[in-house]
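S.K.: Model the structure of this input:
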Amino acid sequence: MGHLDHAAFGWLTPVLSYAMACIGAALGLRCTVRALGATGRSRRKWLLTAASAIGTGIWTMHFVAMLGFSVTGTEMRYNVPLTILSLLVAMVVVGAGVFAVGYGRDRGRALVLGGLTTGLGVASMHYLGMVALRLHGDVHYDPALVGLSIVIAVVAATAALWAALNIKSPVAVAVASLVMGGAVSSMHYTGMMAVSVRVSPSGEVLPGATAMQFIFPLAVGLGSYLFLTSAFVALSPTTGEREASASAQRPVESVAR
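M.R.: Numbers count the residues shown, from 1 in each chain. From the prediction side, this is the model:
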């Protein structure tokens, strides 16, 4: 059995991955709150931004954490198409959950459906990303810990969507994002604790790209996207601010007439 190290760079990757999860959750929640206060095309745009933010944050969290994952006795590579597919799965399935909440007439039913869909999407992204892993040996999973990681993913997603529906203030959203980030990180490391590897030493060259060749540049790019989108959302006026601005302009227009 190969020895697994989940933090080869110490606390750097766990802390950085947690930060990415929190940023994605905060941005997604803020966008969902904006969407619920909008209508028509504006609501769709906010929901799409929310889905991309949450999906990107979760994917970045997973693979930043994977930068610190190593197995003694073997190199590791990643299948590029499968890794990209895991990102698309995260965005699409999270999007389905967010839209279920954004357009659901029955909030309770929409919350359950959205939480289940999003949670399963997060878990699918995680394990699809693990399928993309290439090493000299066989990877095995503890079914009980896999099941627990999926439960954590569903609960975390449901809690995040509940927060989007019920929490409006920026401070409350920030607290909910910290909790959501912790839940997503817990899901990841619970899933990783389910992993065991039976190494088969070989001199054969592994197919795929190394983490530094492919995942690190992509994670940096997606992280930059999160920061830039956060700035855009922070500078965009809320529905209340737009209404207040419109109300302030009406008396001026009346006097001018």
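
S.K.: residue ranges with poor pLDDT in the chain?
M.R.: The chain contains residues with pLDDT under 70 at 1-2, 168, 234-257.

S.K.: Name the single longest helix found in it.
M.R.: Ordering each helix of the chain by length in residues (DSSP state H) puts helix 40-66 first.

S.K.: Note down every partner strand of whatever helix or strand comes next after that one and its orientation.
M.R.: Next in sequence after helix 40-66, counting helices and strands by DSSP states H and E, comes strand 70-71. Sheet pairing for strand 70-71, assigned by DSSP bridges, gives strand 4-5 (antiparallel).

S.K.: Outside of the strand it pairs with itself, list whatever touches it.
M.R.: Applying CB atoms under 8 Å, 6 or more residues apart in numbering, the contact partners of strand 4-5 are 68, 69, 70, 71, 72, 192, 195, 196, 197. For the C-beta atoms, the positions are set from N, CA and C on the backbone; glycine is no exception.

S.K.: Closest one of these to residue 16?
M.R.: Of all these, residue 16 sits closest to residue 68, with 9.1 Å by CB to CB.

S.K.: how far away is the closest one from residue 214?
M.R.: Counting by CB to CB, to the nearest Å, the gap from residue 68 to residue 214 is 16 Å.

S.K.: try residue 91
M.R.: 18 Å.

S.K.: and what of residue 139?
M.R.: 19 Å.

S.K.: neighbour count winner among those two?
M.R.: residue 214 (18 against 15; other CB atoms under 10 Å).

S.K.: now the end-to-end length of stretch 35-42.
M.R.: Taking CA to CA, to the nearest Å, the first and last residues of stretch 35-42 lie 7 Å apart.

S.K.: hey, where'd the strands end up in the stretch 101-250 of the chain?
M.R.: Taking DSSP state E, counting those that start in this stretch as the test, the strands found in the stretch 101-250 of the chain are 133-135, 137-141, 195-199.

S.K.: Which secondary structure elements does the last one sit against?
M.R.: Using 3 or more CB pairs under 8 Å, 6 or more residues apart in numbering; DSSP states H and E as the contact criterion, the elements in contact with strand 195-199 are strand 4-5, strand 137-141.

S.K.: would CSV of those strands with distance to residue 176 be doable?
M.R.: Output for the helices and strands packed on strand 195-199, formatted as CSV (distance: least, CB to CB, whole Å):
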stretch, distance to residue 176
strand 4-5, 32
strand 137-141, 30
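
S.K.: Those: which one's closest to residue 87?
M.R.: Of all the helices and strands packed on strand 195-199, strand 137-141 sits nearest to residue 87, with 20.6 Å by CB to CB.

S.K.: OK, contacts around residue 50?
M.R.: Neighbour list for residue 50: 27, 28, 29, 31, 32, 35, 98, 164 [criterion: CB under 8 Å, 6+ apart].

S.K.: ok, and the closest non-adjacent residue to the last one?
M.R.: If the residues on either side of it in the chain are set aside, residue 164 comes closest to residue 32, at 3.8 Å by CB to CB, 6 or more residues apart in numbering.

S.K.: cool, and the first one?
M.R.: Leaving aside its chain neighbours, residue 27 sits nearest to residue 53 (4.0 Å; criterion: CB to CB, 6+ apart).

S.K.: Look up how far residue 193 lies from that neighbour.
M.R.: To residue 193, residue 53 is 28 Å away according to CB to CB.

S.K.: out of those two, which sits in the busier spot?
M.R.: Remark: of residue 53 and residue 193, residue 53 carries more neighbours, 28 against 15, as counted by other CB under 10 Å.
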